[in-house]
Structure formats: structure tokens, C-alpha cells
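S.K.: What would the 3D arrangement of this be:
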Amino acid sequence: IMNHEAPYENNKYPDLVTLAHETTHGIHAYLRNHFSKTSKTKKKTNGFYVLNNQAVMVEEPSIRKCQVAPYVPQSLRGERYRLYILGQQAWDDTALYIWDEWNAYLNGGAAGVELVQNGLWKLGRRDAVAGVIEFVVYALATAQAVQELDPEYFRSNLQFREFLAWNLKRSMQVFKIGSQIPEFKWEKQEKF
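M.R.: Numbers count the residues shown, from 1 in each chain. Down below sits the predicted model:
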């Protein structure tokens with residue numbers, strides 16, 4: 001992730017999960033700002049860095065971020081719901097902002113898992129994968145809102161649907177491994 005840090009960024013966080021998360025946001029912004037203008041349709045496009053020198057570009061649907069909230073079941077409105085789904089109103093014209101956060105939590109969780117697997121984790125207990133599983137719900141709610149409120153986009157945009165499926169699978173793999181790591185194990189995330 002750090003090898004792809006946006007040229008204008010210089011992130012320094014001692015917590016490497018947060019460093020991966022925040023640096024991912026910078027990469028997304030760089031992709032969004034520099035490559036959406038080259039899309040064939042000239043529509044607003046979001047970029048997502050998915051590790052291993054790869055990124056995915058997805059056109060924005062014609063819904064607002066605030067329209068996703070009703071699609072999140074009451075029982076699955078986790079700790080991050082208020083901040084990211086109800087809050088962050090400056091991003092209301094960008095529904096895939098939710099996916100930006102989802103992918104940043106996923107990359108941060110993947111970085112934490114990799115550090116533990118390589119014997120490099122030194123930060124003690126951390127909720128490194130809780131955000132991953134919480135944002136799986138919000139990513140699906142986004143897709144449901146798009147399917148109902150922008151059905152033509154949902155039906156015709158294969159990239160949207162395939163990235164959703166692929167990133168859901170990646171999320172569940174990272175969560176499955178990470179949730180078994182003692183330093184990342186939390187009763188709340190298991191209950192969620």
C-alpha cells in the first residue's frame with residue numbers, strides 16, 4: 001500500500017492498520033481525480049486500490065449516499081453507521097464513498113492480518129477487522145439501494161456488480177482469518 005501512496009501524501013501513523021486505511025483513501029482520491037476523466041463515458045468515476053498493484057474503477061450510480069441509510073437493517077447499524085452512513089454529508093453526492101470506506105477498512109484489515117502472519121505485529125489488541133465486517137453490510141445496502149433506485153445502472157453496470165461480488169469475497173476471507181487472530185478477536189464483532 002505504501003508503495004502506491006499518492007504523490008501529495010506523507011502519511012505517518014504508528015498504527016499500521018490506520019496507516020494502510022488512510023493511505024488507501026489517498027490512493028482512491030488519486031485514482032478518482034486522475035483517471036475518472038479518462039473514462040469512456042465521462043461520468044463521475046470512483047477508484048479503489050485492491051492491493052497487489054491493482055485498482056478498480058467504477059462509475060458512480062445516480063443515487064445519493066443518504067439514500068442508502070434506510071437499506072441498512074436496524075440490527076446491523078454498527079459503531080460506524082452514524083459517522084459514515086448518516087454523517088460525512090460533504091460526500092452525499094457520491095454514494096460509492098461508502099465503498100471507499102469499505103475498501104479502506106478492508107485494506108487496513110488485510111495489512112494487519114499480513115503483519116501478524118509474518119510475525120511483525122507489535123501493537124497488541126486492535127479491532128483490525130471489525131470495520132471490514134461492518135462495511136460488508138453497508139456495501140450490500142449500497143447495492144440494494146442502487147438496485148431499487150437506479151435499476152438501469154444496476155442492470156447494465158457489470159463492473160459495479162462484479163466488483164461488489166469480488167470485494168465481498170475478499171472481505172469475508174480477510175475477516176475469517178483476522179477474526180481468529182487473538183489480538184483482533186472481539187466479542188462485539190462476533191456478535192455483529
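S.K.: How is Val56 assigned, secondary-structure-wise?
M.R.: strand (DSSP: H, G, I helix; E, B strand; the rest coil).
S.K.: Which strand residues bridge it?
M.R.: Phe48 (DSSP bridges).
S.K.: Against Gly119, how distant is it?
M.R.: Per Cβ to Cβ, to the nearest Å, Val56 is found 31 Å from Gly119. (C-beta placed from N, C-alpha, C; glycine too.)
S.K.: higher neighbour count, these two?
M.R.: More neighbours surround Val56 than the other of Val56 and Gly119, with 17 against 7 (other Cβ atoms under 10 Å).
S.K.: residues making contact with stretch 74-82?
M.R.: Val72, Ile85, Glu101, Ala130, Gly131, Glu134, Phe135, Val137, Tyr138, Phe192 (Cβ atoms under 8 Å, 6 or more residues apart in numbering).
S.K.: contacting residues around the nearest residue to Ile27 once chain neighbours are set aside?
M.R.: Of all residues not flanking Ile27 in the chain, Tyr49 sits nearest, at 4.2 Å (Cβ to Cβ, 6 or more residues apart in numbering). Listed by Cβ under 8 Å, 6+ apart, the contact set of Tyr49 reads Ile1, His4, Thr24, Ile27, His28, Leu31, Ala55, Asn103, Asn107.
S.K.: residue boundaries of the helices in this structure?
M.R.: 16-35, 97-117, 130-149, 151-156, 158-178, 187-191 (DSSP state H).
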